[in-house]
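Okay, sequence plus prediction incoming.
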Amino acid sequence: MNCESVQRKLSAFQDRSLGPEAFGAIAEHLVSCRECASYSEDVGEICSSLRELPRFMPPARLLTQLQVLASRERAYRLSHNTLPALIHYWRAELRLVVDNLMRPFAIPFAGGLLSAVFLFSMLVPTFQFQRHMHNDVPSGLYTQSDATVDAFPPPFGFSENDVVVQLTLDAKGSVVDYSLPNGSVSKQMRNDIANMILFTKFQPATAFGLPAASTVLISFRRIVVKG
């Protein structure tokens with residue numbers, strides 16, 4: 001055993017931490033080598049000085065902190081061993097980031113959404129939507145057709161008795177058809193009725209505020225003025 005290898009192991013030799021064979025070999029070398037023996041004495045003094053130093057106890061929380069660090073390092077290594085574990089790790093990290101970002105905005109967002117829904121529900125009744133209804137059930141929101149005569153009376157009259165005519169009007173107020181509920185009349189009476197219809201304007205009926213087709217009964221009377 002040469003001096004260099006002996007001097008490297010003198011610290012362990014002074015601490016009695018070597019095996020029996022290595023310890024015996026170094027002891028024999030120190031007997032025969034004065035330089036190594038002197039170096040061994042210096043190392044022994046240093047070791048004895050170190051033993052006399054006060055011992056500092058580690059903080060009580062140090063063990064817990066080291067265990068936490070070791071646990072995190074182990075979890076990190078396990079999460080990066082395989083591709084599925086890596087995907088699961090990044091998915092959990094992304095979910096955590098989203099949760100941390102959304103929680104501060106959750107209550108203001110919910111309050112704003114509820115306020116918007118409340119205000120919209122208050123404004124909906126004021127909106128007017130145009131709907132085209134077919135075969136709707138009649139209700140109270142229905143107005144009948146109105147008939148108006150021009151400012152100048154028509155140059156026609158009735159040569160026969162009074163008559164009631166049933167008119168069929170479209171959504172524009174135009175006469176589509178007419179019939180005589182009281183029965184048949186003469187050709188002259190039909191001509192008189194047709195002439196009066198031409199000079200009569202009709203306001204269409206309305207259903208929920210929209211024009212609608214309707215039927216209306218009109219009575220034509222013969223008035224005789226004696227002079």
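Received, thanks.

Can you find the helix or strand in the protein with the smallest mean pLDDT?
Every helix and strand in the chain was compared by mean pLDDT, DSSP states H and E; the lowest is strand 146-149, with a mean of 67.

and the residue lying farthest from the centre of the chain, backbone torsions?
For the chain, the residue at maximal distance from the C-alpha centroid (C-alpha atoms, centre = their mean) is Ser32, at 88.7 Å. According to degrees, to the nearest 10, the main-chain angles of Ser32 amount to phi -90, psi -10.

Enumerate every residue touching the nearest residue to Phe23 once chain neighbours are set aside.
Closest residue to Phe23 apart from its sequence neighbours, by C-beta to C-beta, 6 or more residues apart in numbering: Phe13 at 6.6 Å. Backbone N, C-alpha and C define where each C-beta goes, glycine included. Phe13 sits next to Phe23, Ile26, Ser40, Val43 when contact means C-beta atoms under 8 Å, 6 or more residues apart in numbering.

my guess is Leu169 meets Ala213, correct?
Yes. With contact defined as C-beta atoms under 8 Å, Leu169 and Ala213 form a contacting pair (6.4 Å).

So which of these two has more stuff around it?
The residue with more neighbours, out of Leu169 and Ala213, is Leu169; 23 against 15, by other C-beta atoms under 10 Å.

Contacts only, for the more buried one.
Contact criterion C-beta under 8 Å, 6+ apart gives Ser145, Val175, Val176, Phe202, Pro204, Ala205, Ala213, Ser214, Thr215, Val216 as the residues in contact with Leu169.

Could you turn the buried ones of those into a PyMOL selection?
Typed into PyMOL, the next command selects the buried ones out of the contacts of Leu169 (criterion: 16 or more other C-beta atoms under 10 Å):
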select buried, resi 145+175+202+204+205+214+216
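
Format the contacts of Leu169 as JSON lines; extra columns: distance to Ser17.
Written out in JSON lines, the entries for the contacts of Leu169 read as follows (distance: C-beta to C-beta, whole Å):
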{"residue": "Ser145", "distance to Ser17": "118"}
{"residue": "Val175", "distance to Ser17": "123"}
{"residue": "Val176", "distance to Ser17": "119"}
{"residue": "Phe202", "distance to Ser17": "121"}
{"residue": "Pro204", "distance to Ser17": "114"}
{"residue": "Ala205", "distance to Ser17": "114"}
{"residue": "Ala213", "distance to Ser17": "113"}
{"residue": "Ser214", "distance to Ser17": "115"}
{"residue": "Thr215", "distance to Ser17": "119"}
{"residue": "Val216", "distance to Ser17": "121"}
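
Now tell me which of the contacts of Leu169 the prediction trusts least.
The member of those with the lowest model confidence is Ser145, at 76 (criterion: pLDDT).

Among the contacts of Leu169, which one lies nearest to Val124?
Ala205 (27.3 Å; C-beta to C-beta).

Which residue ranges of the protein form strands?
Counting by DSSP state E, the chain has strands at residues 142-143, 146-149, 163-169, 175-179, 200-203, 205-207, 210-212, 214-220.

which one of those lies closest to Leu96?
Proximity to Leu96 (C-beta to C-beta) singles out strand 210-212 among the strands of the chain, at 56.8 Å.

His29 versus the closest residue in space to Ser179 that isn't next to it in sequence, what's the distance?
What sits nearest to Ser179 in space, not counting adjacent residues and going by C-beta to C-beta, 6+ apart, is Gln166, at 4.9 Å. In this structure, Gln166 lies at 139 Å from His29, with C-beta to C-beta, to the nearest Å as the measure.
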